[in-house]
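Participant: Sequence plus predicted model, see below.
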Amino acid sequence: MESLEDFYNQIALAIVELNEDRARELAIRSINEGLDLLKVIERGFGEGIRRIGNLWEDGDIFLPELMLGGNIMQECMGLLLPHLKSKNKGYSPGSIVIATIEGDIHSIGKTIVATLLNANGFEVYDLGADVPADKIIDVAIEKEADIIGISALLTTTMIGQKKVISLLKKQGIRNKFKVILGGAPVTEAWTKECEADGYAENAIDSIKLVKKLLSK
Amino acid sequence: MIFQDWLKDESKIILFDGGMGTEIFKRGIKPGKLPDLINLDSPETIADIHRAYYTAGADICQTNTFGASLLNLRNYKVDNKIQEINENALRIIKSVCPPNKLTVGDIGPSGVFKPPVGKATFEDWKSGYKEQAKYLELGVDLWHIETISDIDEMLAAIKAIQEVSKKPIISSMTYKKTKRGYYTIMGHSLEKCVNVLEDAKVSVIGANCTLGSEEMIDLAKEMVKLTDLPFSVKPNAGKPRLDENQIVHYDQPIADFIKHIKEMISWGAKIVGGCCGTSPETIKEIRRLLTSLKR
């Protein structure tokens, strides 16, 4: 068999080349050969989706390729994650409820973040787009989430991010969750004003942020 | 028809209007809702903006219906208001349009995508646009389909309009500049879009939004090589900046915008105007430029 490095690289390539069959085949092989699936996800699939993200940012690929890459990734995660969980019983470095806020239908960035978090082994509850603040909180309570992630792509809807935090305070449960913000208009100043726990400029940074917050 | 005469008149540069959204907020309407609904809640605000653009010297101004196609209204759960939103928008612009100036039916993106990004089909797009176009057709002089990033969606909007209207269409895609040239976010190149739009028999091919005025100059240079049809440019006023209160600002001096518009005219732009961040003040300065060019 090829070296593990080669194997991870083949996975990353399959994602970058949007080769769904090949990606699935490699995911199944990883399971059958008893590989460390977390490493497979991190260094194979995760690396692939990171490369896709870079190609997107450089303007080398476009929205359809980006989404297709995300879809293939998600499908392979569907194959891998049950095995990860059965192997490491109760394994999850943390759980996250994520949504695009009410009035905002932009879901692409949020979906990429959710996919990457999932790929990094987190338990992710993606509520979709245009989600009311109280619904996000209800699910976070129900799932006993560690983190609430709120995305807003419009300057007109980002006020909803603040609303979630205000509601948490009102209900006296602000300290039960770390709240993170995302979306093009979100800045450090806005994060401070909302009294959120952090924000990320892009999907890769969001993973680092979540890891940092959970290690505190 | 006056618009066709303008297109044929080589000495005429047609002046379009500028941005709508920022003008709405300047007049005290709070951000947070679909601007198209203001046609119902505060028609005088919209009339005031159109009036300002016509007074500034615009030859053609467009209805406040950028988001009022069936599919987009459905995204905001107000699709049941499609008729009154579009009819009101038409009534408002007609009430302030001076003689010898024209009204344009504005059609924006549906907000839904085809697979793998979304689930929309060509038929969904077409029927959604047709529903909007049939109300605007009762009064507009021509059409502007704008800020579209999928050439198939643009084609659906064109076909929808052509089923209810024989009026001229300006068809503006929105491009970003990449290392390999101008592409839409869906990966359609300027050349591909121009070819499709020529086949679809639109009257004018355009570009709007996303790009600032400076970045649109090279696009104008390429456009003139790609087509013999007249072309239209409606760039943004540079790049937006958010202040600490999360208010969007366009800091580009109007003089720079005018300089870039002048250059695009020299490359053959037939219709010029502005998109995000431009105002009646911008249009007034373009009018001044056009007057000086005639001398």
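Facilitator: That came through, no problem.
Participant: the longest helix in chain A is where?
Facilitator: When chain A is parsed with DSSP state H, its longest helix is helix A:63-87.
Participant: Now do it: distance to the chain's middle.
Facilitator: Distance, stretch centre to chain centre, for helix A:63-87: 11 Å (C-alpha atoms, centre = their mean, to the nearest Å).
Participant: ok, and for stretch B:183-196, which residues are buried?
Facilitator: Neighbour-count burial for stretch B:183-196, counted by 16 or more other C-beta atoms under 10 Å in any protein chain shown, picks out B:Y183, B:T184, B:I185, B:M186, B:G187, B:H188, B:S189, B:L190, B:E191, B:C193, B:V194, B:V196. For every residue, glycine as well, the C-beta is placed using N, CA and C.
Participant: Next up, the contacts around the first one.
Facilitator: Translated: B:Y183. For B:Y183, the contact set (C-beta atoms under 8 Å, 6 or more residues apart in numbering or on different chains) comprises A:G59, A:F62, B:Y175, B:K176, B:S189, B:L190.
Participant: Also the last one?
Facilitator: Applying C-beta under 8 Å, 6+ apart, one finds that B:V196 lies in contact with B:I151, B:M154, B:L155.
Participant: in what helix or strand does it lie?
Facilitator: Here B:V196, judged by DSSP states H and E, is contained in helix B:190-199.
Participant: middle-most residue in chain B, spatially?
Facilitator: Nearest to the geometric centre of chain B sits B:E146, at 4.6 Å (C-alpha atoms, centre = their mean).
Participant: was I right about that residue contacting B:F66?
Facilitator: Yes. Between B:E146 and B:F66 there is a contact under C-beta atoms under 8 Å: 7.5 Å.
Participant: show me where the chain has strands.
Facilitator: Chain wasn't specified; assuming chain A. In chain A, the segments counted as strands under DSSP state E are A:95-100, A:123-126, A:147-151, A:178-182, A:198-199.
Participant: that's the wrong chain, I meant chain B
Facilitator: Under DSSP E, chain B gives strands at B:14-15, B:60-62, B:102-107, B:142-148, B:169-173, B:176-178, B:181-183, B:204-212, B:231-236, B:240-242, B:248-250, B:271-272.
Participant: neighbours of residue 104, just the number please.
Facilitator: In the absence of a named chain, chain A is used. 23 (other C-beta atoms under 10 Å in any protein chain shown).
Participant: looking at chain B here, not the other one
Facilitator: 27.
Participant: Contact partners for the residue lying closest to it once chain neighbours are set aside?
Facilitator: Residue nearest to B:V104 in three dimensions, not counting chain neighbours: B:Q62, with 4.0 Å by C-beta to C-beta, 6 or more residues apart in numbering or on different chains. Going by C-beta under 8 Å, 6+ apart, B:Q62 touches B:F16, B:D17, B:I93, B:T103, B:V104, B:G105, B:D106, B:H144.
Participant: Please give me every residue in contact with the residue nearest to the centre of chain B.
Facilitator: For B:E146, the contact set (C-beta under 8 Å, 6+ apart) comprises B:F66, B:D106, B:I107, B:G108, B:I170, B:S172, B:T174, B:G206, B:N208, B:C209, B:K234.
Participant: for these, which one is nearest chain A?
Facilitator: B:T174 (12.6 Å; C-beta to the nearest C-beta).
Participant: what about the closest one, how many neighbours?
Facilitator: 20.
Participant: Backbone dihedrals for it, please?
Facilitator: Main-chain dihedrals, B:T174, degrees, to the nearest 10: phi -110, psi 130.
Participant: Retrieve the pLDDT associated with it.
Facilitator: What the model reports as pLDDT for B:T174 is 96.
Participant: these two touch, right, it and B:T210?
Facilitator: Yes. Here B:T174 lies in contact with B:T210, judged by C-beta under 8 Å, at a distance of 4.6 Å.
Participant: Show me how the record splits chain A into domains.
Facilitator: Residue ranges for the domains of chain A, per automatic domain parsing: A:4-87, A:95-215.
Participant: In this structure A:T111 contacts A:G70, no?
Facilitator: Yes. With contact defined as C-beta under 8 Å, A:T111 and A:G70 form a contacting pair (6.4 Å).
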